[in-house]
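# Dropping a prediction and its sequence here:
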Amino acid sequence: MANEKVDVVIVGAGASGSVFAAVLAKAGKKVVVLEQGPDWQLADLISSDFWGRRIKPASGPFLLEGKNPFGYVYQAGWGVGGAALHYFANFPRLLPNDFKIKSEHGRALDWPISYQDVAPYYDKAAQDVGVSGDAKAEEIWRPAGAPYPMPPMKTFRHGEIWLKGCESAAIRMVPAAVAITSTDYKGRPACIHDGWCHVGCPTGALANPLVTYLGDAKKAGAEVRPRSTVTRVLSNAQGNKVIGVEYYDAKKERQVQEASVVVLAAWSAQNPRLLLNSATDKHAKGLANSSGLVGKYMMAHFASGTWALFDEDVQNHMGTTGAQFMSYDRYGKTSHKGTFGSSFIVAGSALKTSDLGGFANARLDLFGPDLAAFMKRAARGLTRINAFGEALPSIENRIEPVSDKDEFGMPLAKIVHSYDPDAVALWNANFEEGLQVAKATGAKEVWSGRGNMPTIHLMGGTIMGTNAGDSVTNSFGQTHELPNLYIAGPGIFATAGASNPTYTILALSLRGAEQLAANWSTVAG
């Protein structure tokens, strides 16, 4: 069934899709957003690890392979708002040294843009969604920019307790920049510091798409269609532009949505899957894939968490799931001897009993009565410092279709992911320094939170670059081969840095959406 043609169809109602929807709807374009999952409302975001799993995919169309298989349940979203419904709202930026690694170190890839190209959009996104922090304090590491619209969040003992240890290791900490309201902001209430950000914030204090860009998009006339599973991007007979998408609605009936422009803003693994499944005789390897790089250069962050247990009550259930303090003092690419890559340090994450980062999982060696006794102590006295690490892009880390198909006849895909020796060395170096810092806090017990090397924040797969030979898109997310096909989200990152990616996703999406709106007649034809 064909629907009335619109100006733009956006695949995915998460962080990046919501930005494109807001910018283009405000520019007077007729916008339809297609979202695979259900239509969540704020009232659906219940502060419970159990109920919070509803907004995370239970499984998906991806097989996991490689030395370090990508565990994506906590990295993806299910429903309108996407993964930004349950994210930590940490809002660090990439830094200037992230954009020219190949030029400066002969490693990895260069971005086709610099920090200065993105900086104005960081400032704009901060005003749009409401960031709390101390921008002036961050200028010991980055160029000056606009102040954040709100002061830093309130801090608690379980974050403050790390400052002494960090000082002993010459690690400067500043208030963490977070997309959470420290004061009332644009009709949203101030945060109540109950620490349930990771399962969704029902008050609207956390800047998820429902209360920011997606809300703006709907007010400007954009239509959001939940339970709409896109399976192909459709292109014309000449193969020089896209003409819409094929999708299956809530009744699992095939639909076609024609559009002058298509924006792929699904998860970083799903966008390559769609492009590869949209092959035609004019694009035999998949859309926008003459370079053969669609689905290549997948990247993940990893974290080295260090635990400290105190006899006192450190109020560890209070605050935000993200961080109270942050540091870029190990962000130089050669900060740790014998390895390569940036580290980004955070301290003071609110802890709950179970689920992601919960204290029930802090001692994997304990069972039964021993675990129960530990948990009684941990509920009052446990806290953690975390160092996120950068993995360099590798062409071997990839998305590939497989022969099995989903219920709509679309081939499943596999995510092949392994860390290189530099990433492993950096992971270990951050553990070593974490123990040094933890011991200097005066804690009763300290230990490394080792398990399998984690995979956090999937990026790459549709990287930006200068031409169709070295990349999939240009710096605006516009595909080199099909000018009216855009890709949004962390899939276009050329390198990963070590910073949480959502702030950069918003900044790049603003930049791309504004370029599209300004050049509409040329792009849409």
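Looks like it arrived, so ask away. It should be emphasised that the depicted structure is a prediction, and the values quoted were computed from it without experimental measurement.
# Isn't residue 506 up against residue 17?
No. Taking contacts as CB atoms under 8 Å, residue 506 lies outside contact range of residue 17: 11.3 Å. Every residue, glycine included, has its C-beta placed from N, CA and C.
# more neighbours, these two?
residue 17 (31 against 28; other CB atoms under 10 Å).
# pLDDT averaged over stretch 108-122 - what is it?
When pLDDT is averaged over stretch 108-122, the result is 98.
# End to end on that stretch, go ahead and measure it.
Stretch 108-122 has an end-to-end distance of 24 Å (CA to CA, to the nearest Å).
# buried set for that stretch?
108-113, 115, 118-119, 121-122 (16 or more other CB atoms under 10 Å).
# quick check, nearest of those residues to residue 281?
residue 112 (30.3 Å; CB to CB).
# I'd guessed the closest one sits against residue 463; true?
No. With contact defined as CB under 8 Å, residue 112 does not reach residue 463; the gap is 9.9 Å.
# what's the overlap in contacts for those two?
471, 494 (CB atoms under 8 Å, 6 or more residues apart in numbering).
# Mind picking the two most distant members of the buried residues of stretch 108-122?
It's 108 and 121 that sit farthest apart of these, by CB to CB, at 22.9 Å.
# what ranges do the helices span in the stretch 251-400 of the chain?
Applying DSSP state H, counting those that start in this stretch to the stretch 251-400 of the chain gives helices spanning 270-277, 368-381.
# want to throw those helices into JSON lines with mean pLDDT?
As requested, the helices of the stretch 251-400 of the chain are arranged in JSON lines below (pLDDT from 0 to 100):
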{"stretch": "helix 270-277", "mean pLDDT": "98"}
{"stretch": "helix 368-381", "mean pLDDT": "96"}
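# closest one to residue 321 among the ones you listed?
Counting by CB to CB, residue 321 lies closest to helix 368-381 out of those; the figure is 16.4 Å.
# contacting residues around the closest one?
Counting by CB under 8 Å, 6+ apart, 309-314, 316-317, 351, 353, 359-360, 362-363, 366, 444 sit against helix 368-381.
# who wins for neighbours among those residues?
residue 316 (26 neighbours).
# For that one, give its distance to residue 61.
Taking CB to CB, to the nearest Å as the measure, residue 316 falls 37 Å from residue 61.
# where does residue 94 land in three-state SS?
coil (DSSP: H, G, I helix; E, B strand; the rest coil).
# Return the closest of the buried residues of stretch 108-122 with respect to residue 95.
Among the buried residues of stretch 108-122, and counting by CB to CB, the member closest to residue 95 is residue 115, at 6.7 Å.
# The closest one and residue 96 touch, don't they?
Yes. Assessed by CB under 8 Å, residue 115 is found in contact with residue 96 at 4.0 Å.
# Find the residues that touch each one of those two.
With CB under 8 Å, 6+ apart as the test, residue 115 and residue 96 both reach 142-143.
# max-length helix in the protein?
helix 421-439 (DSSP state H).
# Show residues contacting that helix.
Contact with helix 421-439 is made by 162, 165-166, 168-169, 171, 302, 304-308, 330, 336-341, 343, 385, 387, 389-392, 419, 446-448, 450, 453, as judged by CB under 8 Å, 6+ apart.
# could you give the mean pLDDT of that helix?
98.
# So what are the sheet partners of the helix or strand following it and their directions?
Counting by DSSP states H and E, the next helix or strand C-terminal to helix 421-439 is strand 445-448. Take DSSP bridges as the rule and strand 445-448 pairs in its sheet with strand 299-309 (antiparallel).
# show me what contacts residue 354?
49, 360-361.
# go again using 6 Å as the cut-off
By CB atoms under 6 Å, 6 or more residues apart in numbering, residue 354 lies in contact with 49, 360.
# what's the nearest residue to residue 138 if we skip its chain neighbours?
residue 174 (6.1 Å; CB to CB, 6 or more residues apart in numbering).
# Other residues contacting stretch 401-413?
Stretch 401-413 is contacted by residues 61-62, 231, 248, 273, 276-277, 399, 414 when judged by CB under 6 Å, 6+ apart.
# Report the two of those separated the most.
Comparing the members of these, the greatest separation, given CB to CB, is between 248 and 414, at 22.3 Å.
# Can you tell me the number of residues neighbouring the closest residue to residue 337 other than its chain neighbours?
If you skip the residues right next to it in sequence, residue 337 has residue 429 as its closest partner in space, 7.9 Å away by CB to CB, 6+ apart. Residues within reach of residue 429, counting by other CB under 10 Å, total 21.
# Could you tell me how far residue 429 is located from residue 417?
Counting by CB to CB, the gap from residue 429 to residue 417 is 21 Å.
# for residue 254, same thing?
Residue 254 is 33 Å from residue 417, where distance means CB to CB.
# Compare the two and say which one has the larger neighbour count.
Taking other CB under 10 Å, residue 254 and residue 417 do not tie; residue 417 has more neighbours (24 against 12).
# Wait, the more buried one touches residue 397, no?
Yes. The criterion here is CB atoms under 6 Å, and residue 417 meets it with residue 397 at 5.0 Å.
# Look through this structure and report the residue furthest from the middle.
Note on the chain: the largest C-alpha distance from the chain mean falls to residue 369, namely 37.9 Å (CA atoms, centre = their mean).
# In the worst-scoring helix or strand of the chain on mean pLDDT, which residues are buried?
Ranking every helix and strand in the chain by mean pLDDT, DSSP states H and E puts helix 49-52 at the bottom, with a mean of 89. Residues of helix 49-52 classed as buried by neighbour count (16+ other CB under 10 Å): 49, 52.
# on that earlier part again, which one of the contacts of stretch 401-413 is nearest residue 12?
Residue 12 has its nearest neighbour among these in residue 273, at 12.5 Å by CB to CB.
# Now for the closest one: which residues touch it?
Neighbour list for residue 273: residue 413 [criterion: CB under 6 Å, 6+ apart].
# And it, how close does it get to residue 230?
Distance, residue 273 to residue 230, by CB to CB: 10 Å.
# from what I can see residue 3 touches residue 257, true?
Yes. Residue 3 lies in contact with residue 257 (CB under 6 Å); the separation is 5.0 Å.
# The two: which has the busier surroundings?
Neighbour totals were compared for residue 3 and residue 257, and residue 257 leads with 24 against 16 (other CB under 10 Å).
# Beta-bridge partners for the more buried one, please?
Residue 257 has the following beta-bridge partners by DSSP bridges: residue 245.
# Could you pull out the strands in the stretch 351-500 of the chain for me?
For the stretch 351-500 of the chain, the strands defined by DSSP state E, counting those that start in this stretch cover 382-389, 398-405, 411-416, 445-448, 456-459, 485-487.
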